[in-house]
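Participant: Return a 3D structure for these sequence lines:
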Amino acid sequence: MNKKRIAILGLASLTLMLAASVTLTVAWYDGSSHLAVSDINIRLQDKELSISTDNVEFKSFLTNEELNDAGLFRAISSEFSDSWIKEKKEQPVFKGNYGASNKNVLNDPDEVSTATAGYFSQELFIKCNSSVYVTFDKEKTTFIADQKDNEEMMQQLREKFPGLTDEQILFNLNNVVKSLRLSILVLNDEDDESGNLPDYSYYIIDPYKDKTTYYAGILDTDKDGYFDYSSEKKEVLYGESYSGVDGKTVEECLVYDAPASNDIAVDDKELTCFNSGTKQGVSRINIEESIANGLVLKEEKSIAIEDVEEEILIPLTAQTSKRIVLSFYQEGWDLENTDFVRYSHFFVNVLFKIAKVRY
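Facilitator: Have a look, this model is predicted:
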């Protein structure tokens with residue numbers, strides 16, 4: 001059988017909303033970054049394949065009006081996803097903003113808000129005339145910066161960023177795509193006879209993956225120029241972490257440097273919630289020594305785009321629909337996440353294709 005393709009979100013233009021003011025601070029924790037989907041198109045290129053939003057009426061394409069309203073986007077996170085995956089929930093659960101904490105460690109999912117908006121998520125049903133495995137096309141599943149619109153936006157941002165050259169502004173606008181993610185929740189309604197595939201799967205694709213994203217670290221949530229610290233004057237470890245040593249707690253794994261004798265300002269990079277200073281008298285977490293002492297920072301289980309065709313196989317049985325939930329969002333723990341998200345323009349293209357015959 002020749003490979004067939006399903007075009008999903010064919011170059012959907014995502015236009016980011018302007019905000020009244022902006023700083024160089026990464027501020028997804030207080031929800032200051034907003035973007036909006038201007039158009040989403042779902043199309044099928046092969047007659048054997050069909051798609052539906054209600055599992056009743058199947059079509060060769062879906063218009064923007066038939067899909068969920070994406071609304072305004074805010075950077076969120078897929079941290080703590082193991083818990084809802086274990087429960088086999090029928091929708092992904094994303095986490096939202098953090099607030100300053102007086103605790104030394106804040107890694108309880110119940111203490112982090114659940115995002116109820118700020119991302120695109122759509123339940124879909126895919127059907128094929130034959131029994132096949134479906135995957136993503138690694139070459140045509142992309143987040144692409146809209147160079148033309150970003151150049152126009154650059155001219156409007158000169159007064160807002162007088163310390164940056166046009167080239168630096170444009171680079172930041174185009175770089176927004178690197179913190180975006182595509183995820184797919186596969187709600188299999190049958191067992192795979194081979195025993196090779198689970199009856200429930202969740203995948204995260206990072207189209208620009210070049211390093212590991214960790215769901216934990218120190219943060220400057222109020223953007224005052226200093227990393228947050230507890231009432232004990234110790235920096236706070238946020239996010240998802242655990243102890244790799246039996247009998248130890250996460251807090252017991254933490255190793256701190258001596259209290260700062262003076263205020264330590266942010267380094268020569270711009271101030272962000274990931275890049276800040278240390279307040280006088282506050283003990284900074286020594287991450288490397290803490291890891292050596294048993295601390296484990298949770299890694300994002302994302303798949304690089306070049307590996308999707310080998311790592312993602314969605315089984316379809318002939319004439320039997322498969323329910324999936326397709327989402328895309330801005331990952332807040334990605335260090336490429338900046339406030340230029342408010343202004344950037346980019347395109348998304350997601351392409352499904354048949355990988356091979358199932359039996």
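
Participant: now L185, what's its secondary structure?
Facilitator: Here L185 is recorded as strand under DSSP: H, G, I helix; E, B strand; the rest coil.

Participant: What separation is there between the nearest residue to it once chain neighbours are set aside and D54?
Facilitator: Nearest residue to L185, sequence neighbours excluded (CB to CB, 6 or more residues apart in numbering): V325, at 4.1 Å. Bear in mind the C-beta positions are built from the backbone N, C-alpha and C, glycine included. As defined by CB to CB, to the nearest Å, V325 lies at a distance of 14 Å from D54.

Participant: if you count what's nearby, which of the two comes out ahead?
Facilitator: Using other CB atoms under 10 Å as the criterion, V325 and D54 rank with V325 on top: 18 against 10.

Participant: Local confidence estimate at N2?
Facilitator: Per-residue pLDDT puts N2 at 46.

Participant: oh, I was asking about V37
Facilitator: 53.

Participant: same deal with G96?
Facilitator: With respect to pLDDT, G96 has a value of 85.

Participant: give the contact list for it.
Facilitator: 31, 74, 76-77, 112-115, 118 (CB atoms under 8 Å, 6 or more residues apart in numbering).

Participant: which SSE is F171 in?
Facilitator: helix 166-175 (DSSP states H and E).

Participant: how close does the most centrally placed residue in the chain sit to N150?
Facilitator: Against the mean C-alpha coordinate of the chain, by CA atoms, centre = their mean, the closest residue is E331 at 2.9 Å. Computed as CB to CB, the E331 to N150 distance reads 21 Å.

Participant: same check, this time on P207
Facilitator: For P207, the distance to N150 (CB to CB) stands at 17 Å.

Participant: Have a look at this protein and report the helix or strand with the lowest mean pLDDT.
Facilitator: strand 5-15 (a mean of 42; mean pLDDT, DSSP states H and E).

Participant: Please name the bridge partners of F125.
Facilitator: On the basis of DSSP bridges, F125 is bridged to S52, R323.

Participant: so what's it up against?
Facilitator: Contacts for F125 (CB under 8 Å, 6+ apart) come out as 51-55, 58, 321-324.

Participant: Can you pull the domain assignment for this protein?
Facilitator: Split into domains by automatic domain parsing, the chain comes to 1-76+115-210+300-359, 101-114+216-297.

Participant: Could you take those domains and lay them out as CSV, with extra columns for distance to S83?
Facilitator: Shown next, in CSV, are the domains of the chain (distance: least, CB to CB, whole Å):
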stretch, distance to S83
domain 1-76+115-210+300-359, 12
domain 101-114+216-297, 6
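
Participant: Tell me which of those domains approaches K88 most closely.
Facilitator: domain 1-76+115-210+300-359 (5.1 Å; CB to CB).

Participant: Pull the distance from that closest one to the chain's centre.
Facilitator: 10 Å (CA atoms, centre = their mean, to the nearest Å).

Participant: same deal with stretch 204-212?
Facilitator: Counting by CA atoms, centre = their mean, stretch 204-212 comes out at 10 Å from the chain centroid.

Participant: For this structure, give me the ranges with low pLDDT.
Facilitator: By pLDDT under 70, the weakly predicted segments of the chain are 1-45, 70-72, 188-198, 268-269, 339.

Participant: which strand is the longest one in it?
Facilitator: Counting residues, the longest strand in the chain under DSSP state E turns out to be strand 345-357.

Participant: just to revisit the earlier point, other residues contacting the helix holding F171?
Facilitator: By CB under 8 Å, 6+ apart, helix 166-175 touches 145, 147, 150-151, 153-155, 157-158, 161, 164, 336, 338, 340, 343-345.

Participant: Provide the secondary structure category for M153.
Facilitator: Classified using three-state DSSP, M153 is helix.

Participant: quick revisit: bridged to the residue nearest to the centre of the chain, which residues?
Facilitator: Bridge pairing for E331 - DSSP bridges - gives I76.

Participant: do the same with I264
Facilitator: T278.

Participant: can you give me the strands for the stretch 1-150 of the chain?
Facilitator: 5-15, 35-37, 42-44, 49-52, 61-62, 72-73, 105-106, 120-128, 132-136, 142-145 (DSSP state E, counting those that start in this stretch).

Participant: packing partners for the fifth one?
Facilitator: Looking back up the chat, that one is strand 61-62. On a contact count with 3 or more CB pairs under 8 Å, 6 or more residues apart in numbering; DSSP states H and E, strand 61-62 meets strand 42-44.
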